[in-house]
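Chemist: sequence and predicted structure, then a few things I'm wondering about:
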Amino acid sequence: MNLQTTGRKALMALGAALLMAHATAQAPSYPAPKPLGAGAQATLDKLSYKGGTPTIAYLPMGTEYNYHVALYEGIKSVPGIKSFMLSPYSGSDQAGQMGMLQDVTSRKDVDAILIISFDEHSLAPLIKKAVDAGKVVVIVNSDIPNFPTPVHGVVGVNQRIANKALAEWARAQAKDAPKSVGVLDGEPSYIATERAGGFLDGLKDSNWKLATRINGGWSVEKGNTAAMDMLQANPGINAIYASSDYMALGAALAAKSLGRTNISIYGYDGDTGALEDIANGGGVTATTNTSPVKMGRMAALFAVDLLNRKSSGGYVNVPTEIVYKGNVQAVLKQPADLYPKPSKAY
């Protein structure tokens, strides 16, 4: 009798474990999509995908940015798909990206296109052609609710909210001591506007005052040059917000060159180089980690669901966290979710 009872309990435990495993396997692989703006959602009625192993083309805006390559690390980690990346090296080579978009649109073996847009208005006519050609089109690393032409999905971070939160966190850490702030913008675009705009939203009605705001060009080199000019023209600046970690790293180099050790520098992205800079006291104070490897994985899974008509589209908001000296080690101890890998074990 005891053996029978023990056996029944074991079977019940096994059944519960199998149900839990099934539930875990069926759990959403990305946050539930939210509706895009009115008229911005492309329908699925033109899709040419008929089943089988889907092919996803990923078109970032410049492989000079590790962040864009990190997104592809996430994309290609998704099982059951074929994928490839096409990108100019320079993030300012808009013509190069447009030509590549035309190429993948004409390819019958491409089922979905994941693309990073620095200039949505220039890309819009070509995006429309891709949608009309039956491709799933997802804008990645953005939260734009109303792309100029309808798309199937957008995957990214609510940049204005995330950067407002970073500014409020920075003020709290400084115990609201007054600061003179310089802002390094990216090249003019929706994402540049939202990122810097969010940080400035977080400074409203505070004693952190904007001294100047200039274009830092997205890169380490351009960010370094812009920060050098900014600090020499405005020696009272003691806080810098950069709309990307690359520019933040450039600003840290500028501050070091000028012997300025009293400057707090805040970035955005979650680039491995910036994370290690924070850990090693190189000059970057904090960043918003948007987990690009995870974002790429989510974007690919979302595209597959769109192709299989398991989703009708929308905006997928990727979770973020503010990373600083106190918690950066925990992030660096997860190298599977980072690209490039950290330079050492943490």
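Modeler: Structure's in. What do you need?
Chemist: check what pLDDT the residue lying closest to residue 123 once chain neighbours are set aside gets.
Modeler: The shortest distance from residue 123 to any non-neighbouring residue, by Cβ to Cβ, 6 or more residues apart in numbering, is to residue 117 (5.2 Å). Glycine gets a C-beta too; all of them are placed from N, C-alpha and C. As predicted, residue 117 sits at a pLDDT of 92.
Chemist: residue 7 too?
Modeler: Model confidence at residue 7, given as pLDDT, is 46.
Chemist: how about residue 24?
Modeler: Looking at residue 24, the pLDDT reads 34.
Chemist: again, but for the one 3 residues further on
Modeler: According to the prediction, residue 27 has pLDDT 43.
Chemist: now residue 1
Modeler: According to the model, residue 1 scores 43 on pLDDT.
Chemist: tell me the contacts of residue 122?
Modeler: 94, 98 (Cβ atoms under 8 Å, 6 or more residues apart in numbering).
Chemist: how about it, phi and psi?
Modeler: phi -70, psi -40 (degrees, to the nearest 10).
Chemist: what about it, distance to residue 61?
Modeler: Separation of residue 122 from residue 61 (Cβ to Cβ, to the nearest Å): 11 Å.
Chemist: shared neighbours, those two?
Modeler: Counting by Cβ under 8 Å, 6+ apart, the residues touching both residue 122 and residue 61 are residue 94.
Chemist: ok, now how distant is the residue most central in space within the chain from residue 32?
Modeler: Nearest to the mean C-alpha position of the chain, counting by Cα atoms, centre = their mean, stands residue 141 at 4.2 Å. Computed as Cβ to Cβ, the residue 141 to residue 32 distance reads 19 Å.
Chemist: try residue 103
Modeler: Residue 103 is 33 Å from residue 32, where distance means Cβ to Cβ.
Chemist: neighbour count winner among these two?
Modeler: A count of neighbours by other Cβ atoms under 10 Å puts residue 103 above the other of residue 103 and residue 32, at 13 against 9.
Chemist: ok, that one - contacts?
Modeler: Taking Cβ under 8 Å, 6+ apart as the criterion, residue 103 is in contact with residue 86.
Chemist: can you spell out which helices and strands pack onto whatever helix or strand residue 164 lives in?
Modeler: Here residue 164 sits within helix 159-173, counting by DSSP states H and E. Packing partners of helix 159-173 (3 or more Cβ pairs under 8 Å, 6 or more residues apart in numbering; DSSP states H and E): helix 190-201, strand 239-242, strand 264-269, strand 286-289, strand 321-324.
Chemist: helix or strand right after the last one?
Modeler: For strand 321-324, the succeeding helix or strand toward the C-terminus, using DSSP H and E, is helix 328-332.
Chemist: again, but for the third one
Modeler: Following strand 264-269 in sequence order, the next helix or strand is helix 272-279 (DSSP H and E).
Chemist: and that next one with strand 264-269, angle?
Modeler: Between the axes of helix 272-279 and strand 264-269, defined by axes from the mean of the first three to the mean of the last three Cα atoms, to 10 degrees, the angle is 150 degrees.
Chemist: only the buried residues of helix 272-279, if you could.
Modeler: Residues 272-279 are the ones in helix 272-279 that count as buried (16 or more other Cβ atoms under 10 Å).
Chemist: and stretch 226-244, by the same measure?
Modeler: Along stretch 226-244, these residues count as buried under the neighbour rule (16+ other Cβ under 10 Å): 226-228, 230-231, 237-244.
Chemist: ok, residue 321 - contacts?
Modeler: 288-289, 327, 331.
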